[in-house]
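S.K.: Any chance you could fold what I've pasted below:
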Amino acid sequence: MLILSRKSGQSLVIGENITVKILEVSGDNIKIGIEAPREIPVHRQEVFETIKKENKAAAMVKRDVLSYLPRDKEE
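M.R.: Predicted coordinates:
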């Protein structure tokens, strides 16, 4: 893990197309801005964990659901 110190108004660059800027520091709160291409998703950790959990649940197929799917008829 890379650990950096930044002040309000300073930035860091990830790769060639992601910029993270420190917008405001107030006590324990830090407001950051992230510029990234649309194809790169950016989420808060707790939102990302929820998305992963929901995707995993959606991928689980119950066996009884399969019986409702049409079957190919052999000719």
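
S.K.: pLDDT averaged over the top strand by length along the chain, what's the number?
M.R.: In the chain, taking DSSP state E as the definition, the longest strand is strand 18-26. Across strand 18-26, the average pLDDT comes to 97.

S.K.: what residues does stretch 24-39 touch?
M.R.: Lys7, Ser8, Asn17, Ile18, Thr19, Val20, Lys21, Ile22, Leu23, Val42 (CB atoms under 8 Å, 6 or more residues apart in numbering). Heads up, the C-betas are built off the backbone N, CA and C, glycines and all.

S.K.: ok, which stretches of this protein are strands?
M.R.: Going by DSSP E, the chain shows strands at 11-14, 18-26, 29-35.

S.K.: for the residue nearest the centre of the chain, what are its contacts?
M.R.: Centroid-nearest residue in the chain, with CA atoms, centre = their mean: His43, separated by 4.0 Å. Neighbour list for His43: Ile51 [criterion: CB under 8 Å, 6+ apart].
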